[in-house]
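Student: next comes the sequence, and after it the predicted model I'd like to discuss.
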Amino acid sequence: SQTIHQWPATLVQPVGSPLSLECTVEGTSNPNLYWYRQAAGRGLQLLFYSVGIGQISSEVPQNLSASRPQDRQFILSSKKLLLSDSGFYLCAWRLGNTIYFGEGSWLTVV
Amino acid sequence: GENVEQHPSTLSVQEGDSAVIKCTYSDSASNYFPWYKQELGKRPQLIIDIRSNVGEKKDQRIAVTLNKTAKHFSLHITETQPEDSAVYFCAPPPGAGKSTFGDGTTLTVKP
């Protein structure tokens, strides 16, 4: 069966520091992969999606970037975090029409 | 890509009452309509979905109805319980790689 792993689960980072969130999917090949962000009490904002290795589509211009160095690995990065980057970050993959989410990463920028 | 409008943004009901959340879509070619539930601090999970060849689908206390003419689909929860309190999201059919969600409805079931 397919599983999705995302880490770290929580992190507190100072303003201006870098960020790296990682996500891996097991049990499938060439999945569509996604990064979403959810601010407190808000909806799911699609940040990036990828249909294959090295193929990244950005939905919202900001100081975040994404990379897909391997088929089942998706990384969200930032060189310098802003206070507004705080939120709940969710990696996800798609099987048919259904989206499956990782357990999420809580980021607090202080 | 497809966009949806989800209403209401918040909904408060008494335990045992029914709750209805509605999503309106624009692409008449859409053929798949899912609903996700996100409990506090957890990830969203699919709870029910419907395809365009049926008008209604039920799973115990939850149901989804589809009105293709009016281009909207609704989530119905009957006999609500406190554990139904969560944020509910509708999602349009994914486009070429892209998958977006409605803005979410925060449902509160008061005991």
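Tutor: Cool, the structure landed. Residues are numbered from 1 along each chain as shown, chains lettered A, B, ... in the order given.

Student: what's the offset of whichever strand or helix holds B:Phe73 from the middle of its chain?
Tutor: B:Phe73 belongs to strand B:72-77 when elements are defined using DSSP states H and E. The offset between the C-alpha centroid of strand B:72-77 and the centroid of the whole chain comes to 6 Å, using Cα atoms, centre = their mean, to the nearest Å.

Student: go on, stretch A:24-40?
Tutor: The answer for stretch A:24-40 is 7 Å, by Cα atoms, centre = their mean.

Student: quick check, that stretch touching chain B?
Tutor: Yes - counting by Cβ under 8 Å from any Cβ of the partner chain, contacts between stretch A:24-40 and chain B involve A:32, A:34. C-beta: built from backbone N, CA, C; applies to glycine.

Student: about what we covered before: residues contacting the strand holding B:Phe73, please?
Tutor: Applying Cβ atoms under 8 Å, 6 or more residues apart in numbering or on different chains, the external contacts of strand B:72-77 come out as B:18-25, B:33, B:35, B:48, B:50, B:61-67, B:84, B:88, B:90, B:107.

Student: what strands flank the following helix or strand past it, and is each parallel or antiparallel?
Tutor: As assigned by DSSP H and E, the chain's next helix or strand after strand B:72-77 is strand B:86-90. Sheet pairing of strand B:86-90 (DSSP bridges) gives strand B:32-38 (antiparallel), strand B:105-110 (antiparallel).

Student: so who does residue 28 touch?
Tutor: You didn't say which chain, so I picked chain A. A:2, A:72, A:93, A:95.

Student: wrong one, chain B
Tutor: Contacts of B:Ser28 by Cβ under 8 Å, 6+ apart are B:68, B:71.
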